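Engineer: give me a model of this one.
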Amino acid sequence: MLSYRHAFHAGNFADVLKHSVLVHTLDYMAQKDKSLRIVDTHAGAGGYSLDSRQPIKNREIDNGLRQLWLRTDLPPLLERYRDVIRGFNKQQALSFYPGSPLLAQTLSRPQDRLYFHELHSTDHRLLKEALGNDKRIKVLDEDGMKGLQALLPPPDRRALVLIDPSYEIKKDYQDVVQQLIKAWRRFPTGTFALWYPVVTRQRIDEMERALVRSGIKNIQLFESGIAPDSEEHGMTASGMIVINPPWTLWKEMETALPLLTEWLSNGEGHFRQLQLVAE
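Structural biologist: The predicted structure is shown next:
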């Protein structure tokens, strides 16, 4: 199914968690001079005008980034994320939200190589337009999970992979874990960041158990929910599962995750921070 569009959810509470982790990880991995291969398996359109019809339809950003936009007490991880987003907005007002491709393009270096997969025909075109004529980048009109396998291992043995599927089909929850395990086996020292939505808790529990049984080491999980688990109200929480995360991420999230959940959930939220599998 290709009906899912990132634009409907740009800047929502899930994006804040996902992209703050992504920005921190990109910053950390850029500290080494060696080139980095960045792979985004479900890239979307690249960036989103908040004056356009799609984001306004649900106003999800109002309970997401907009809640943090003018705060003066953000912890460092969230402040850095917000500052990067501010770089895409010429005025203080929040009028544009960059997706993961634009964030990766902005934070990467001349020696890095970036691969963005997007199957939706309209988003694929918009993504190419948003990224411009950047010789470091390839925009691929193919299945990101299958295409990922051909990109590993990278020549310089450094890679960051963002996996952000729509989960529109129940089978996606199983398939994405199987493909992630396959990718890790091809390149066990790579950093893999998997985003997931909590709609039905059982599916997330099954994903976690499969990863624990997989033999993969050094897996951390960060989850933020704006409401109690419920199968009647859509996505109530989202999380990031990171394999081989930056060693700095855990401490930063210890401060940021409780505050993020408190600010975006109106007191009804919850969070989890787990070392799912030790190093």
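Engineer: please count neighbours and contacts with C-alpha atoms only from this point.
Structural biologist: Noted.
Engineer: buried set for stretch 86-102?
Structural biologist: Buried residues in stretch 86-102, counting neighbours by 16 or more other CA atoms under 10 Å, are found at 86, 88, 94, 96-102.
Engineer: tell me which entries of these lie within helices.
Structural biologist: Taking DSSP state H, the ones among these that sit in helices are 86, 100-102.
Engineer: for stretch 73-88, buried residues please.
Structural biologist: Under the neighbour-count criterion of 16+ other CA under 10 Å, stretch 73-88 has 74, 77-82, 84-86, 88 buried.
Engineer: no wait, stretch 199-218
Structural biologist: For stretch 199-218, burial by neighbour count (16+ other CA under 10 Å) applies to 199-200, 203-204, 207-208, 211, 216-217.
Engineer: identify the bridge partners of K138.
Structural biologist: Bridge pairing for K138 (DSSP bridges) gives the partners Y115.
Engineer: please report how far it lies from E129.
Structural biologist: 12 Å (CA to CA, to the nearest Å).
Engineer: more neighbours: which of the two?
Structural biologist: Neighbours per residue (other CA atoms under 10 Å) separate K138 from E129, with K138 holding more: 15 against 12.
Engineer: what about the buried residues of stretch 199-218, which are in helices?
Structural biologist: In this view, these that belong to helices under DSSP H are 203-204, 207-208, 211.
Engineer: helices and strands of the protein: which one bottoms out on pLDDT?
Structural biologist: helix 53-58 (a mean of 53; mean pLDDT, DSSP states H and E).
Engineer: what sits against W184?
Structural biologist: Neighbouring residues of W184 by CA atoms under 8 Å, 6 or more residues apart in numbering: 190, 192, 216.
Engineer: possible to save the ones in helices among the buried residues of stretch 199-218 as TSV with pLDDT and distance to Y167?
Structural biologist: Listed next are these as TSV, based on pLDDT from 0 to 100; distance: CA to CA, whole Å:
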residue	pLDDT	distance to Y167
R203	95	11
I204	97	11
M207	97	12
E208	98	16
L211	98	17
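Engineer: tell me the SS of the closest residue to P165 other than its chain neighbours?
Structural biologist: Of all residues not flanking P165 in the chain, H42 sits nearest, at 5.8 Å (CA to CA, 6 or more residues apart in numbering). Following DSSP: H, G, I helix; E, B strand; the rest coil, we place H42 in the coil state.
Engineer: burial measure for H42, as a count.
Structural biologist: Around H42 there are 23 residues (other CA under 10 Å).
Engineer: from E231, how far off is it?
Structural biologist: Per CA to CA, H42 is found 25 Å from E231.
Engineer: same check, this time on A45
Structural biologist: Distance, A45 to E231, by CA to CA: 29 Å.
Engineer: which one of the two is surrounded by more residues?
Structural biologist: Taking other CA under 10 Å, A45 and E231 do not tie; A45 has more neighbours (27 against 12).
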